[in-house]
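Asks: heads up, no residue letters with this:
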Ligand SMILES: Cc1cc2nc3c(=O)[nH]c(=O)nc-3n(C[C@H](O)[C@H](O)[C@H](O)COP(=O)(O)O)c2cc1C
């Protein structure tokens, strides 16, 4: 069923209850593909849905009696939002696409779509009986990303920004209990950590330009998950904090182990962190969802990674996680490394190299031959030093 979010503005998206893996991202609560219909003098669809979900979109448009579309705003060309643009054009051939220059090129490159298009840039306005303003948000989350703002209704349609993967019957943040909102905010953090983190500088810029353009916002309606109308200050504040590297006084220990020598050393590292009175969370990487580990890495100031050496390399699950993490460019972390080896012991140095690339504050590293016997103090000291550095900063 469609939902009116402001007079003449409707949610007409699709709920995907059963998706559990979204291009490698574990979506344990499913997701939604949010599209919005604006009905004034003109009829405007803002974004579409993932291919395969067109029927959910079209059912809603039919229920609203939409037999003509004047404009289709494409805020982002990724497949989960623009996957049904072709189907929309087929159904409403008179529609004009409204997007920025990168969106126009992207529609051609990714889908072969060359259709009547109005190219817009930041600050441009489109009068449809209501005034639409566009704000380009390049790289939040692809080069073509932009936001659409409905001036009279103070509704911001920011596409992927402020979203999360969460399928639900309720559409608005005020329909959920505080407990449910705790889960939803965690999903927002997960979305930020795994999708947006790399673009934190751009996020800060966009937050700044929303402020400098003096946009008043009653509703933030993103392209995934719930619509914000009650807790806007909270989600905006979270974005400000995440994009500026704020994190909690906690250490993530992420490790793996073949013969459990590295694993046994974890408890020494932990005892040092406990001595300093700092919180921690432990992940064995071969049995962990990287998207959850990454969320806690973003939310925590400290990271200690442990790996045995295998064929002069990192253990594969650790290498894989470090590659994933490096791509997302977490910043402002205090870090340490440890691990067991048999003869050449390259793994710990390779962890430190990744930390250095990310400009982490590397407090120390400990490697030990086979058992950690004799290295207990160094390991405890590593945990303590990371925790103490977090407390100082
Ligand atoms: C297949 C295999 C290859 C290994 N290659 C190396 C190596 O290249 N260099 C090294 O220092 N140790 C190597 N080791 C030894 C392990 O690093 C060592 O056994 C270490 O204690 C394993 O730590 P873990 O118990 O945490 O898995 C290798 C072990 C295995 C099983």
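Replies: Thanks, I have it. Just so it is clear, the structure is predicted and the values come from calculations on it, not from any experiment. Residues are numbered from 1 along each chain as shown.
Asks: Show me how this protein divides into domains.
Replies: 3-243, 248-392 (automatic domain parsing).
Asks: In a markdown table: these, plus distance to the ligand, mean neighbour count and mean pLDDT.
Replies: In short, each C-beta sits where N, CA and C put it, glycine included. Conversion of these to a markdown table gives the following (distance: least, Cβ to the nearest ligand atom, whole Å; neighbours: other Cβ atoms under 10 Å; pLDDT from 0 to 100):
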| stretch | distance to the ligand | mean neighbour count | mean pLDDT |
| --- | --- | --- | --- |
| domain 3-243 | 26 | 19 | 95 |
| domain 248-392 | 3 | 20 | 98 |
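Asks: As a check, name the ranges of all strands in the stretch 51-200 of the chain.
Replies: With strands called from DSSP state E, counting those that start in this stretch, the stretch 51-200 of the chain shows them at 71-73, 96-99, 117-119, 125-127, 131-136, 146-150, 155-157.
Asks: Beta-bridge partners for residue 98, please?
Replies: residue 73, residue 118 (DSSP bridges).
Asks: Now that it has come up, it's in contact with residue 126, right?
Replies: Yes - using Cβ atoms under 8 Å, residue 98 is in contact with residue 126, at 6.3 Å.
Asks: anything in contact with each of the two?
Replies: Common neighbours of residue 98 and residue 126, using Cβ atoms under 8 Å, 6 or more residues apart in numbering, are 71, 118, 120, 132, 134.
Asks: Is it possible to get CSV of those residues that adds distance to residue 30?
Replies: Rendered in CSV, the data for these read as follows (distance: Cβ to Cβ, whole Å):
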residue, distance to residue 30
71, 30
118, 34
120, 32
132, 30
134, 30
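Asks: Which single one of the residues you listed is nearest to residue 391?
Replies: Closest to residue 391 out of the shared contacts of residue 98 and residue 126 is residue 134 (44.8 Å), distances taken as Cβ to Cβ.
Asks: What distance do you get for the closest one to residue 232?
Replies: Look at residue 134 and residue 232: by Cβ to Cβ, to the nearest Å, they are 20 Å apart.
Asks: quick one, phi psi at residue 302?
Replies: As for residue 302, its main-chain torsions (degrees, to the nearest 10) stand at phi -110, psi 150.
Asks: In contact with it, which residues?
Replies: Applying Cβ under 8 Å, 6+ apart, the residues contacting residue 302 are 250-252, 278, 280, 333-336, 386-387, 389-390.
Asks: quick one: which of these sit in strands?
Replies: 250, 251, 252, 280, 334, 335, 336 (DSSP state E).
Asks: Isn't the last one up against residue 361?
Replies: Put plainly, it is residue 336. No - with contact defined as Cβ under 8 Å, residue 336 does not count as touching residue 361 (9.8 Å).
Asks: after the helix or strand hosting residue 352 comes which helix or strand?
Replies: Assigned by DSSP states H and E, residue 352 falls within helix 347-357. Using DSSP H and E, the helix or strand that follows helix 347-357 in sequence is strand 361-369.
Asks: Can you list the strands that that next one pairs with?
Replies: Assessed with DSSP bridges, strand 361-369 is paired to strand 334-341 (parallel).
Asks: name the helices or strands packed onto the longest helix along the chain?
Replies: Using DSSP state H, we find that the single longest helix of the chain is helix 376-392. Helix 376-392 is packed against strand 248-255, helix 261-275, strand 300-306, strand 334-341, strand 361-369, with contacts defined by 3 or more Cβ pairs under 8 Å, 6 or more residues apart in numbering; DSSP states H and E.
Asks: try it again with 6 Å
Replies: On a contact count with 3 or more Cβ pairs under 6 Å, 6 or more residues apart in numbering; DSSP states H and E, helix 376-392 meets helix 261-275, strand 300-306, strand 334-341, strand 361-369.
Asks: With respect to residue 143, which of the ones you listed lies nearest?
Replies: strand 300-306 (29.6 Å).
Asks: Distance from the following helix or strand past the closest one to the middle of the chain?
Replies: Scanning forward in sequence from strand 300-306 by DSSP H and E, the next helix or strand is strand 309-310. Distance of strand 309-310 from the chain centroid (Cα atoms, centre = their mean, to the nearest Å) equals 32 Å.
Asks: Show me which of the ones in strands among the contacts of residue 302 is closest to residue 167.
Replies: So of those, ranked by how close each gets to residue 167 (Cβ to Cβ), first place is residue 252, at 27.8 Å.
Asks: got the contact list for the residue lying closest to residue 45 once chain neighbours are set aside?
Replies: In space, and not counting its chain neighbours, residue 45 is closest to residue 72: 4.9 Å by Cβ to Cβ, 6 or more residues apart in numbering. Residue 72 makes contact with 45, 88, 95, 97 under the criterion Cβ atoms under 6 Å, 6 or more residues apart in numbering.
Asks: Try it again at 10 Å.
Replies: 35, 43-48, 82, 84-85, 88-89, 92, 95-99, 115, 117 (Cβ atoms under 10 Å, 6 or more residues apart in numbering).
Asks: Keep only those of those residues that are in helices.
Replies: Using DSSP H, these in helices are 82, 85, 88, 89.
Asks: Alright, that wraps it up for me.
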